[in-house]
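>>> heads up, no residue letters with this:
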């Protein structure tokens, strides 16, 4: 069974940066797409970014495009978050979906999830 664990969350001032990490454990997940999601208080979980492995395809939600950058290597995935805003506050999750593509995939398409890490953007 896949086990993903996020780290790197915390409290940051508006305009600051954080880099989240997602560890895959002993799995390389070469044939999985990796997604990053966020759930703000009182809101549904939303997709932020996705990256495939085979061709490095990346996609971003409009709300984070130009500010967040997703990357991955054999055993880890990362989400570099710059120019953070208070509305970026929430619990951030990484998730894995079999099949090395991102197009058209959202929350229900990702069966394996980490426990999440809290990001709070506040002055």
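Thanks, I have it. None of these values were measured; they are calculated from a predicted model.

>>> Can you list the strands that the helix or strand where residue 49 lies pairs with?
Using DSSP states H and E, residue 49 sits within strand 46-51. Applying DSSP bridges, strand 46-51 is found paired with strand 32-39 (antiparallel), strand 58-60 (antiparallel).

>>> Bridged to the spatially most central residue of the chain, which residues?
By C-alpha atoms, centre = their mean, the chain has its centre lying nearest to residue 36, at 2.1 Å. Applying DSSP bridges to residue 36 gives these bridge partners: residue 49, residue 94.

>>> how much space is there between it and residue 2?
The gap separating residue 36 from residue 2 is 16 Å, by C-beta to C-beta, to the nearest Å. Every residue, glycine included, has its C-beta placed from N, CA and C.

>>> and if you look at residue 120?
Distance of residue 120 to residue 2, computed by C-beta to C-beta: 28 Å.

>>> Kindly report the same for residue 63.
Counting by C-beta to C-beta - residue 63 and residue 2 are separated by 27 Å.

>>> Of the two, which one has the most company?
residue 2 (16 against 13; other C-beta atoms under 10 Å).

>>> Report the spatially nearest residue to that one, omitting neighbours in sequence.
residue 112 (4.0 Å; C-beta to C-beta, 6 or more residues apart in numbering).

>>> Tell me how many other residues crowd that neighbour.
So residue 112, with other C-beta under 10 Å, has 18 neighbours.

>>> from now on call the first residue 465
All right, first residue 465 from here; so that's residue 576.

>>> these two touch, right, it and residue 560?
Yes - when contacts are counted by C-beta atoms under 8 Å, residue 576 is listed as touching residue 560 (4.4 Å).
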